[in-house]
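**Student:** Attaching a predicted model along with its sequence, questions to come.
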Amino acid sequence: MSLDWDLTADVVVVGYGAAGASAALEAAADGAQVLVLERFTGGGATALSGGIIYAGGGTSVQREAGVSDTPDAMLAYLEREVGDAVRPETLRRFVDESPAMIDWLKGHGVPFEASLCPYKTSYPNDDYYLYYSGSEISGAFSDIPAAQRGHRVHGRGVSGKQLSGPLSAATSRAGVRVETLTQVTELITDDAGAVIGVECRTLRDAPGRIRDRYTRMAHLAAKPGIYYPPLRKALEKRLAKMDERYRTTIRVLARRGIVVSAGGFIANREMVAEYAPAYKGGMALGTTGDDGSGIKLAQSVGAATDRMGNVSAWRFLLPPSVFTGAVLVDGQGRRVIDETRYGAAVGDALVNKHGGTGWLLADDAMMRTAIRQIGTQGTWFQRAQFEPLRRSAKRGATIEQVAAKAGIDPAGLRATVEAYNAAIADGTPDPVGKPAEYTTPLSTGPFWLLNVSIRPSVINPCPMLTLGGVVVDEDTGAVRSTDGTDIAGLYAAGRTAVGICSDSYVSGLSLADCVFSGRRAGRSAAGAHSFQCDPATAEKDPV
C-alpha cells in the first residue's frame, strides 16, 4: 500500500481520558513511540467525573485507613454485582491487580487520601476520600464481608480533574506527543485488512485565536452544557461550523497498533434511541465526544459489539444518610428496592420495572433530621438538588392524604407502610431485604413524599452513561471482528469497549476499568510487531 503519511508513531492512541492516558503511559513504558490524537484538549468524561477509583483487596489507602479487605471478598462482591460482563479469570485478574493499580496511579502523581467516610452516601464531601461507593452494605450482599473500596482522588469539589491532570502530566514526562483538536474520522487498513493508520481532520494549522475560541466553546459544551442540553446543542453547531471552515486532513501511520479509547455514546441521542430507548430522558454524563464515534470507527472495519442496550441510570437517594430508613415507592405505592442500594441499581429498578416513577416517603421526624444532615453531609451539588426536592415535596397529615396529593394509590401506599413497620416491630426480614440496622419506622405525621422519578429535569437530572461497546480479547484488548477473530493492529479500551462494568456499574468501576483496560491495550499495542511498513513512508515526518 502506497500512502503519504503526515505523522508516524509506533502506537497511536485515539482519545485522551483515563483509558487513553493509561494506554499511552504503558506503551511508552514498553519503549514505544506514542502519539495521542485528541478531539478536544484532553480529559474526556474522566475530567467531568467524581474521580472515584473502585479498588480493594488491601490497597495502600485502605490499609492506611484501617480498612480490612481481601481479594476474595472483593471478588465475591464483584462476581454478584457485575455478572458475566467479563470472563471469571479476567475479573480475578482485575481484583488481584487492584492494589498495584492504586500504587501505579500514585506513582504517576495521582493523589489519594485515607480519610474514611463514617456514613453511607452517594459521594462524600471534601472531608472524606474513602467510602462505600457501591451496594456493599445492602441486603443483597449481606453474606459478603463489606469494605470501603471507593477511592476518591484527593481534591476539592468533584475530583475528576485531579485524576486526568496528573495522568496528562505523566504522559508528557514520558515523551508522549499529543495532537489536540484532532478528530479521527477513518481507520486505514492494508490489503490484508490490518489497521495501519488513521485519517483525521484537525485544527492544528488553524490560527491561534480560532483554536482558543474552539477550546473555550468545547469546555462550555462539556460543562455546563452537560446540565443544560440546549446550550450544548447550540455550541456544537458553532463548533461544527468552525471545524468545517478551518480543518485540514492528515494521515497518521501506526507502525505497531492503534488504541481507540474515545468514550461511549451517551451524547448520541440517535444511538441511545436505537439501542436503549427507555433511557432517552436522562442527562448525558459525558462530553460531546461521547457520541459513539470510537465504536463506529471499530465497526467500520468489522468489529463486533455487545451489550449496547446497557445504560447506567443513577437515581441517588443519599445524602442525607437518614434516608436509608425511608421507603421508595412507585405510582401504585409498591416498594421499589432496598433503599441502601447504589443509585444505578435504584435507577435500573425504576426504569425497567416501575416506568420511571419513584417517590421517597419519609415521616416528619426523618425529614427534620434530613434537613439538618444535608448541610454537613452534602456537597454543593447535592445540597442544590435536595432543596428543590424538599420545596416541591407533597405533605399530608396521614398516609392517605399525602398519597392523594402525589397521585399515588392510597391503599397501596398504606399497605406498603404497614408491612414495612410490622417487619421492624416483629423483628422479621424487611419486605425487600433492607438490612435491619437501616430500617426506621414511619409513624410521625405529617408525611412527606419527594418526587425522585426519572424524567428530564434541570434541578434533579438523572445522570446516565452507556456501558456497552466493541468486543475485545480480554487478554490483550485487541478488537474482535464479527467472525470472532482479532482485527490486526486495532485495540480498544474504556467505554469504547465491553469491560468490567458493562452489565452493572457502581461508582469508580468505570474509571478503574478505564485504567485496567487502557494499560492492557497499551502494553499489547506496544508489543505488536506484525506490520511490515515501507521504510520510505514509515520514516516520513516521524513524531
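**Tutor:** Looks like it came in fine.

**Student:** all helices in the stretch 101-250 of the chain, in order from the N-terminus.
**Tutor:** According to DSSP state H, counting those that start in this stretch, the stretch 101-250 of the chain carries its helices in the segments 160-173, 208-222, 229-246.

**Student:** most tightly surrounded among these?
**Tutor:** Highest mean neighbour count among these (mean count of other CB atoms under 10 Å): helix 160-173, with a mean of 21. Just so you know, the C-beta spots here come from the backbone N, C-alpha and C atoms, and that holds for glycine as well.

**Student:** For it, what does the pLDDT average out to?
**Tutor:** Mean per-residue pLDDT for helix 160-173: 97.

**Student:** same check, this time on stretch 393-410
**Tutor:** The model assigns stretch 393-410 a mean pLDDT of 97.

**Student:** re the thing from before, just send the helices of the stretch 101-250 of the chain back as CSV, with distance to Gly193 too.
**Tutor:** Below are the helices of the stretch 101-250 of the chain laid out as CSV (distance: least, CB to CB, whole Å):
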stretch, distance to Gly193
helix 160-173, 30
helix 208-222, 34
helix 229-246, 30
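
**Student:** Figure out which of those helices is closest to Tyr342.
**Tutor:** Closest to Tyr342 of the helices of the stretch 101-250 of the chain, according to CB to CB: helix 160-173, at 18.8 Å.

**Student:** Hmm, Ala217 is touching Leu239, no?
**Tutor:** No, residue 217 isn't Ala; it's Met. Yes - because the distance of 5.7 Å satisfies CB atoms under 8 Å, Met217 is recorded as touching Leu239.

**Student:** low-confidence ranges in the stretch 401-543 of the chain?
**Tutor:** 458, 528-543 (pLDDT under 70).

**Student:** can you do 50?
**Tutor:** 530-543 (pLDDT under 50).

**Student:** since we're on Ser457, how many residues are nearby?
**Tutor:** Using other CB atoms under 10 Å, the number of residues around Ser457 comes to 15.

**Student:** Figure out which of the helices of the stretch 101-250 of the chain is closest to Ala47.
**Tutor:** helix 160-173 (4.3 Å).

**Student:** Would you mind writing the CA trace of that closest one as PDB?
**Tutor:** Taking C-alpha atoms only, helix 160-173 is exported to PDB below (Å, rounded to 0.1, in the frame of the first residue of the first chain):
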ATOM      1  CA  GLY A 160     -12.100  14.100  38.100                       C
ATOM      2  CA  LYS A 161      -9.600  16.700  37.000                       C
ATOM      3  CA  GLN A 162      -7.200  15.600  39.800                       C
ATOM      4  CA  LEU A 163      -7.100  12.300  38.000                       C
ATOM      5  CA  SER A 164      -6.900  13.400  34.400                       C
ATOM      6  CA  GLY A 165      -4.500  16.300  35.100                       C
ATOM      7  CA  PRO A 166      -1.700  14.200  36.700                       C
ATOM      8  CA  LEU A 167      -2.100  11.400  34.100                       C
ATOM      9  CA  SER A 168      -1.700  14.000  31.400                       C
ATOM     10  CA  ALA A 169       1.400  15.500  33.100                       C
ATOM     11  CA  ALA A 170       2.800  12.000  33.400                       C
ATOM     12  CA  THR A 171       2.400  11.300  29.600                       C
ATOM     13  CA  SER A 172       4.200  14.500  28.900                       C
ATOM     14  CA  ARG A 173       7.100  13.500  31.100                       C
END
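
**Student:** Extract the residue ranges of the stretch 1-150 of the chain that are flagged as low pLDDT.
**Tutor:** In the stretch 1-150 of the chain, no residues with pLDDT under 50.

**Student:** Quick one: the strands in it, in order.
**Tutor:** 7-14, 34-37, 52-54, 130-131, 150-152 (DSSP state E, counting those that start in this stretch).

**Student:** go on, the stretch 301-450 of the chain?
**Tutor:** Using DSSP E, counting those that start in this stretch, strands in the stretch 301-450 of the chain cover 305-306, 311-313, 327-329, 359-362, 394-396, 447-451.

**Student:** Can you say which of those strands is nearest to Val498?
**Tutor:** Val498 lies closest to strand 305-306 among the strands of the stretch 301-450 of the chain, at 5.2 Å (CB to CB).

**Student:** quick one: contacts of that closest one?
**Tutor:** 295, 299, 468-471, 498, 502 (CB atoms under 8 Å, 6 or more residues apart in numbering).

**Student:** need the contact list for Ala415.
**Tutor:** Per CB under 8 Å, 6+ apart, neighbours of Ala415: Gly333.

**Student:** Let's see that with 10 Å instead.
**Tutor:** 332-335, 399, 409 (CB atoms under 10 Å, 6 or more residues apart in numbering).

**Student:** cool, and Arg390?
**Tutor:** 367, 370-371, 374, 448, 450.

**Student:** Restricting to C-alpha, output stretch 426-442 in PDB.
**Tutor:** The C-alpha atoms that make up stretch 426-442 are tabulated as PDB, following Å, rounded to 0.1, in the frame of the first residue of the first chain:
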ATOM      1  CA  ASP A 426     -41.800  -8.100  64.800                       C
ATOM      2  CA  GLY A 427     -38.000  -8.400  64.000                       C
ATOM      3  CA  THR A 428     -38.700 -10.200  60.700                       C
ATOM      4  CA  PRO A 429     -36.900  -9.500  57.400                       C
ATOM      5  CA  ASP A 430     -37.700  -6.300  55.600                       C
ATOM      6  CA  PRO A 431     -40.000  -7.000  52.600                       C
ATOM      7  CA  VAL A 432     -37.400  -6.000  50.100                       C
ATOM      8  CA  GLY A 433     -34.300  -7.200  52.000                       C
ATOM      9  CA  LYS A 434     -33.000  -3.900  53.500                       C
ATOM     10  CA  PRO A 435     -30.700  -4.700  56.500                       C
ATOM     11  CA  ALA A 436     -32.400  -4.200  59.800                       C
ATOM     12  CA  GLU A 437     -29.900  -1.600  61.000                       C
ATOM     13  CA  TYR A 438     -31.100   0.700  58.200                       C
ATOM     14  CA  THR A 439     -34.800   0.400  58.800                       C
ATOM     15  CA  THR A 440     -36.700   3.100  60.700                       C
ATOM     16  CA  PRO A 441     -40.500   3.100  61.500                       C
ATOM     17  CA  LEU A 442     -42.500   5.700  59.600                       C
END
